[in-house]
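> I'd like to go over a predicted model; first the sequence, then the structure.
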Amino acid sequence: MHIEVNTIEKAYATVTAVRGVSFTIASGEIFALLGPNGAGKSSIIRMLVGMTRPDSGVITVHHQKQEYDHVPRRYLGYLPEDRGLYPDKSVEKNLLYLAQLHGLSKAEAQQEMSHWLEIFELSDRRKEDLKQLSKGNQQKVQLIAAVIHKPALVILDEPFSGLDPINQEKVVGFLKTLREKGMTVILSAHQMAMVEKLADRMLLMAKGQVVLAGTLAEIQQQAQPQPEVVVETEQAVSSEQLAVLLPEMVFTQHTATRFSVFLPTTTQLSGCLQQLLSQFSIRSVSMQNPDLHQLYLAAMAAHQQEVQP
């Protein structure tokens with residue numbers, strides 16, 4: 001399934017939730033939709049699935065040589081932020097009911113359910129009521145429910161919610177499996193380290209507008225963050241000494257002998273090192289690329305400054 005979104009707008013009463021947003025989602029890729037609360041992510045998802053319509057702009061969904069103005073329900077798997085299974089029913093009854101509701105035969109539903117329960121190590125819990133499971137295991141059942149009918153597109157809203165680090169890694173593997181199966185995935189999450197591992201491309205939004213878009217490498221280039229140089233010295237260095245040596249630079253001290261310097265774009269690394277070498281013996285120097293979390297925070301801060309009157 002391939003999706004093209006062209007300059008869509010959506011307003012509610014006095015609030016414009018989406019402002020001229022455009023992007024594409026290629027078939028079989030994991031696409032991350034990122035932004036703080038109120039950024040417009042939910043409004044975009046509602047338009048993609050046909051719950052609402054854009055006030056202007058065009059959504060085109062390409063699938064099996066057909067075109068649609070939203071994702072047809074029969075091709076959609078969805079993990080909503082507000083989970084919706086039946087806590088007083090067993091894991092098995094929940095999953096079989098939803099699978100058959102999406103058109104699978106009982107035999108197909110049994111096969112898919114057994115496959116995913118084994119993947120998530122829940123086979124021995126299938127007869128238990130959902131409410132008897134831990135929050136993390138309930139989340140795994142929710143994920144299975146979103147994909148048991150083998151949709152062409154799956155939208156996952158906060159799929160890592162309630163999971164410990166081990167199970168977060170299981171979900172990473174789960175999402176990679178979906179990609180291998182050819183599913184298109186739209187992922188909305190706040191765990192940037194997980195998104196960085198998974199997303200082929202991403203869209204960072206704030207107040208209804210696109211802030212950054214593309215692959216991680218493209219976003220790093222767009223953001224143009226200050227280069228971070230991590231320096232380790234043989235002897236202790238105080239923040240007062242650094243302030244004197246590097247008066248026009250921002251630095252962060254990690255330990256007495258280890259600190260980071262954020263170089264202005266006009267400053268060369270060699271000049272910084274010469275200043276430091278004049279006073280200290282340097283054990284090591286390394287350049288650090290900012291991770292997605294740092295890029296996200298910097299982009300949000302920059303966007304906030306741009307929109308202030």
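Everything's here; your move. Here the structure is a predicted model, which is why all the values come from computation and not from measurement.

> Quick check: residue 7 touching residue 20?
Yes. In this structure, residue 7 is within contact of residue 20 by C-beta atoms under 8 Å, at 4.9 Å. Just so you know, the C-beta spots here come from the backbone N, C-alpha and C atoms, and that holds for glycine as well.

> so what sits against both of these two?
Common contact partners of residue 7 and residue 20 (C-beta atoms under 8 Å, 6 or more residues apart in numbering): residue 57.

> who touches the residue lying closest to residue 50 once chain neighbours are set aside in this structure?
Closest residue to residue 50 apart from its sequence neighbours, by C-beta to C-beta, 6 or more residues apart in numbering: residue 70 at 3.4 Å. Neighbour list for residue 70: 47-50, 59, 61 [criterion: C-beta under 8 Å, 6+ apart].

> May I ask you to confirm that residue 70 belongs to a helix?
No. Assessed with DSSP: H, G, I helix; E, B strand; the rest coil, residue 70 is coil; it does not lie in a helix.

> I'd like to know how far it sits from residue 154.
Distance of residue 70 to residue 154, computed by C-beta to C-beta, to the nearest Å: 15 Å.

> Next, count neighbours for the closest residue in space to residue 236 that isn't next to it in sequence.
Using C-beta to C-beta, 6+ apart and skipping the chain neighbours, the partner closest in space to residue 236 is residue 256 (4.0 Å). By other C-beta atoms under 10 Å, 11 other residues sit near residue 256.

> Residue 280 too?
Neighbour count for residue 280, taken as other C-beta under 10 Å: 18.

> what does residue 284 give?
For residue 284, the neighbour count with other C-beta under 10 Å is 9.

> Could you find the closest non-adjacent residue to it?
Nearest non-adjacent residue to residue 284, counting by C-beta to C-beta, 6+ apart: residue 232, 4.6 Å away.

> burial measure for residue 257, as a count.
Neighbour count for residue 257, taken as other C-beta under 10 Å: 15.

> Backbone torsions only: list them for it.
Phi and psi for residue 257, reported as degrees, to the nearest 10, are phi -120, psi 10.

> That one contacts residue 230, doesn't it?
No. Residue 257 is beyond contact range of residue 230, at 11.5 Å (criterion: C-beta under 8 Å).

> Out of the helices and strands in this structure, which is least certain?
Least confident helix or strand of the chain, by mean pLDDT, DSSP states H and E, is helix 292-307 with a mean of 67.

> So residue 186 lies in a strand, does it not?
Yes. Residue 186 sits within a strand when classified using three-state DSSP.

> What residues are bridge-paired with the residue nearest to residue 81 when sequence neighbours are not counted?
Sequence neighbours aside, residue 157 is the residue nearest to residue 81 in space, at 4.4 Å (criterion: C-beta to C-beta, 6+ apart). With DSSP bridges applied, residue 157 shows beta-bridge pairing to residue 188.

> was I right about residue 157 contacting residue 46?
No. Using C-beta under 8 Å, residue 157 makes no contact with residue 46, being 11.4 Å away.

> Assign residue 137 to helix, strand or coil.
Here residue 137 is helix, with the state taken from three-state DSSP.

> number of nearby residues for it?
Neighbours around residue 137, by other C-beta under 10 Å: 20.
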